[in-house]
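1. here you go, sequence then predicted model.
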Amino acid sequence: MVIGRLRRDPTRSVQRTRALITLAAISLWGAVVVGRLVQLQIYEHEALVERARQNRTMAISLAGLRGDIFARSGERLATSIELNSIYAQRDQVGDRDRVAELLAPALNMSRAELRERLEGDKFTFLRRKAPPEMTAAVRALVKEHELAGINYLKESKRFYPHKSLGAQMIGAVNMENKGLFGIERAYEQWIAGAKGTHFAVRDGFANVLGSRGAVMGNPTRGDDIILTVDWGLQYAAEEALRAAVTKSEALGGVVVVMDPFTGNILGIANYPTFDLNDNNNPDFRENQTNQAIASAIEPGSVLKVMTVAAALHEGMVSEDEIIDCQGGILAVPGGVIRDWKLGFQRLTVREVLMNSSNVCTAKIAMRMSPEQHRQWLLDFGFTSRTKSGLPGEVAGYLAKPGTLAWSGRTQQTIAFGQEISATPLQVAAALSAIANGGKLMRPRVIQEVRDRSGATRGDRLLFDGTPVGSTLVRHRVLDPRIAKRVALMMESVVVDGTGRPTQIPGYRVAGKTSTAQKYDNEAGTYGGYVAGFGGFLPVGDPRVVIFVAIDEPRVGSRGGHHGGSAAGPVFRAVAEAAIRILRLAPDAVDAAPTVVADAPGKPPQQTSPLP
């Protein structure tokens, strides 16, 4: 029996081939899908999430929360408050003409200005850091008229509770909370804090659904700065200066108040001044310069103190030595030097200072060599920045002997404060060296820096690399005995000399008047005056040094442009405030009990004289 071969079914072979191809295709497709899923879910996951977040949210950068600035007595001088910024998502705003008409009055804008801001299809601020009453008015209108696209964002705004108090020293910030000038700018890195981000949520059509707080990079708070400034003395200095400048119709003025033993700056007053909260006022832009450190003036007769001190220390004169003042006229190369009052003949060195004789002071200076005289002024801190911690300080100027700028009369004129420029703070520091027994202190304005938890930041360094809060003696200038003798000579200026307007019953005051001529660089001549007075009290235990300069006092009593008449009353007013605030005990032998105010709102107490 013959068995035939089985015949293969061609139809089944085709079906199998197709199935294999289909399976391979499905497998390949599955592999591609799985591969893509792996790529998206693992390798590109973070990038895709970030892209989705960007599509779904609108990021707005927020400035860090600035630390506060305090006076040493705890008064808050600069702080931050939370306000609403009003913004529009323009592609959601319907009838823009209607919105502009309704909201412009509440936003304190013209209808045309608001309408222009609403042009376009992106985010725009309508009013940054709006006052609470403005925000409330806009909210009410938006709700009443069902206006779409108007939203609100919480932002921090700098606020200065005492308005103009210490304005040039404290400084201010711009709309982005960045320091513009003063301490706010100089210590921006300390105060500013770290930035954060606010996200507004959008739907698939880019419509803003609402807002929520920052989900990452929240703003952090910066450090607090505590100044050496005493709030009460700062206020007293500004009030006394304002009254004097206004009364005399002067161009302006400055007051510096210092502790002679620590170098602490207790107050710096400038006038004219401005409200730190009102940056739209022209005064805000025009009066930002801190004249105490950024303007060098010819100090005038207060420099006679340093000239006499140097000559005494060198043993070239004694305080009772007689100097011939030649009737108040001294011929020098290129002209003559005159006393403010002619007729002075033979005066002791003490009387030279007491009567402020230019001629006799020039003759005393000439006993030193030019190099020796100049070095003494450098030792008193002139022509070098004090490194006080205040920004914008200038060094001043004094020519060098042997150069073209040092003329045949330079040594005589610098003896009484001409042909040399210095800042008011430099003058106050030099006077402090007399008051404290001969040590030149570095003035300082930063007492302490604290982090957001209130802990002291010991790692904060000033511009010169020294730790914040450190007391620094730059060097010794005078022997303590010479400094004491000069202080007693300055006391005679107040008791019997040109400084009599600064006498305070019960207190021994040392001082020196200064009536400096102003040099006009354009005209090349002197014209106008700066009236000054510098001194300290109590002489027995000096606690406060005060220097006052009034720029071109124009009216007043006869001789109203003189230091004693124009600046003396300001010195006295600030000194009397220091007596109350610092509780200075009387030191005059015949002192009567003095009334001292404890604090605003509290009854005064009596302080008896020292035995």
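-> Done, it's in.

2. how near is the closest residue to Thr513 other than its chain neighbours to Val494?
-> Distances taken as C-beta to C-beta, 6 or more residues apart in numbering put Gly563 closest to Thr513, at 3.6 Å, once the chain neighbours are dropped. Placement of C-beta: from N, CA and C, glycine included. Distance from Gly563 to Val494, counting by C-beta to C-beta, to the nearest Å: 12 Å.

3. swap in Val255?
-> With the distance defined as C-beta to C-beta, Val255 ends up 18 Å from Val494.

4. give the bridge partners for Tyr89, please.
-> Not Tyr; residue 89 is Gln. Beta-bridge pairing of Gln89, defined through DSSP bridges, involves Phe123.

5. does it touch Leu153 like I think?
-> No: look at Gln89 against Leu153 with C-beta atoms under 8 Å: they stay out of range, at 11.5 Å.

6. run a quick check on Arg444 versus Asp259, I expect a contact.
-> No: taking C-beta under 8 Å as the contact criterion, Arg444 and Asp259 are not neighbours in contact, 9.7 Å apart.

7. what does the pLDDT read for the residue nearest to Thr513?
-> Per-residue confidence at Gly563 stands at 74 (pLDDT).

8. what about the nearest residue to Asp278 once chain neighbours are set aside, neighbour count?
-> For Asp278, ignoring the flanking residues on the chain, the nearest one in space by C-beta to C-beta, 6+ apart is Phe284 at 6.2 Å. Around Phe284 there are 18 other residues, counting by other C-beta atoms under 10 Å.

9. and Phe284, what helix or strand is that in?
-> helix 282-286 (DSSP states H and E).

10. buried residues in that helix, which are they?
-> Taking 16 or more other C-beta atoms under 10 Å as the neighbour-count basis, helix 282-286 is seen to contain the buried residues Phe284.

11. with stretch 482-493 instead?
-> Of all the residues in stretch 482-493, those buried under the rule 16+ other C-beta under 10 Å are 482-487, 489-493.

12. who's in contact with that stretch?
-> Contacts of stretch 482-493 with the rest of the structure, by C-beta atoms under 8 Å, 6 or more residues apart in numbering, involve 305, 308-309, 312-313, 319, 349-350, 353-354, 356, 433-438, 478, 499, 508-513, 535-536, 539, 542.

13. at 7 Å what do you get?
-> Applying C-beta atoms under 7 Å, 6 or more residues apart in numbering, the external contacts of stretch 482-493 come out as 305, 308-309, 312-313, 319, 350, 353-354, 434-435, 437-438, 499, 508-512, 535, 539.

14. dihedrals phi and psi, Thr471?
-> phi -90, psi 130 (degrees, to the nearest 10).

15. right, I mislabeled it, should have said Phe416
-> Reported as degrees, to the nearest 10, the phi and psi values for Phe416 are phi -120, psi 30.

16. returning to what we had before: tell me the mean pLDDT over the helix or strand just after the helix holding Phe284?
-> Scanning the chain past helix 282-286 towards its C-terminal end, the next helix or strand to appear is helix 291-294 (assignment: DSSP H and E). For helix 291-294, the mean pLDDT works out to 96.

17. repeat that for stretch 154-165.
-> When pLDDT is averaged along stretch 154-165, the result is 93.

18. centre of the chain to that stretch, how far?
-> 15 Å (C-alpha atoms, centre = their mean, to the nearest Å).

19. which residues of the protein score low on pLDDT?
-> In the predicted model, the chain carries pLDDT under 70 at residues 1-10, 12, 40, 43, 48-63, 121, 197-217, 555-560, 589-611.

20. hmm, 50 instead?
-> Segments of the chain classed as low confidence (criterion: pLDDT under 50) are 1-4, 6, 205, 212-215, 557, 591-611.

21. outline the domain layout of it.
-> Residue ranges for the structural domains of the chain, counted by automatic domain parsing, are given in the record as 59-93+119-202+218-227, 231-607.

22. now the ones you listed in JSON lines, with distance to Ser13?
-> Output for the domains of the chain, formatted as JSON lines (distance: least, C-beta to C-beta, whole Å):
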{"stretch": "domain 59-93+119-202+218-227", "distance to Ser13": "59"}
{"stretch": "domain 231-607", "distance to Ser13": "82"}
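
23. okay, these, which one's buried deepest?
-> Highest mean neighbour count of these: domain 231-607, a mean of 20 (counted as mean count of other C-beta atoms under 10 Å).

24. show me how far that one is from its chain's centre.
-> Computed by C-alpha atoms, centre = their mean, the separation of domain 231-607 from the middle of its chain amounts to 20 Å.

25. and the strands in the stretch 351-500 of the chain?
-> Taking DSSP state E, counting those that start in this stretch to define them, one finds strands in the stretch 351-500 of the chain at 397-398, 420-421, 439-441, 446-450, 473-476.

26. Asp224 is nearest to which of those?
-> Shortest separation from Asp224 across these is recorded for strand 446-450, at 4.6 Å, computed as C-beta to C-beta.

27. mind giving me the packing neighbours of that closest one?
-> Using 3 or more C-beta pairs under 7 Å, 6 or more residues apart in numbering; DSSP states H and E as the contact test, the elements touching strand 446-450 are strand 224-227.

28. contact partners for Lys129?
-> By C-beta under 7 Å, 6+ apart, the residues touching Lys129 are 83, 85, 155, 157.

29. that should have said Met134, apologies.
-> 106-107, 127.

30. one more time with 8 Å
-> Contacts of Met134 were listed using C-beta under 8 Å, 6+ apart, and they are 86, 106-108, 127.

31. any idea which element it lies in?
-> If you go by DSSP H and E, Met134 is part of helix 132-145.

32. extract the C-alpha trace of that helix and format it as PDB.
-> In PDB, the C-alpha atoms belonging to helix 132-145 read as follows (Å, rounded to 0.1, in the frame of the first residue of the first chain):
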ATOM      1  CA  PRO A 132      -4.700 100.000  52.500                       C
ATOM      2  CA  GLU A 133      -7.500 102.500  51.800                       C
ATOM      3  CA  MET A 134      -6.700 102.400  48.000                       C
ATOM      4  CA  THR A 135      -6.700  98.600  48.000                       C
ATOM      5  CA  ALA A 136     -10.100  98.600  49.800                       C
ATOM      6  CA  ALA A 137     -11.600 101.100  47.300                       C
ATOM      7  CA  VAL A 138     -10.400  99.000  44.300                       C
ATOM      8  CA  ARG A 139     -11.600  95.700  45.900                       C
ATOM      9  CA  ALA A 140     -15.100  97.300  46.400                       C
ATOM     10  CA  LEU A 141     -15.300  98.500  42.800                       C
ATOM     11  CA  VAL A 142     -14.100  95.200  41.400                       C
ATOM     12  CA  LYS A 143     -16.700  93.300  43.400                       C
ATOM     13  CA  GLU A 144     -19.500  95.700  42.700                       C
ATOM     14  CA  HIS A 145     -18.900  95.800  38.900                       C
END
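
33. helix/strand/coil for Ala549?
-> strand (DSSP: H, G, I helix; E, B strand; the rest coil).
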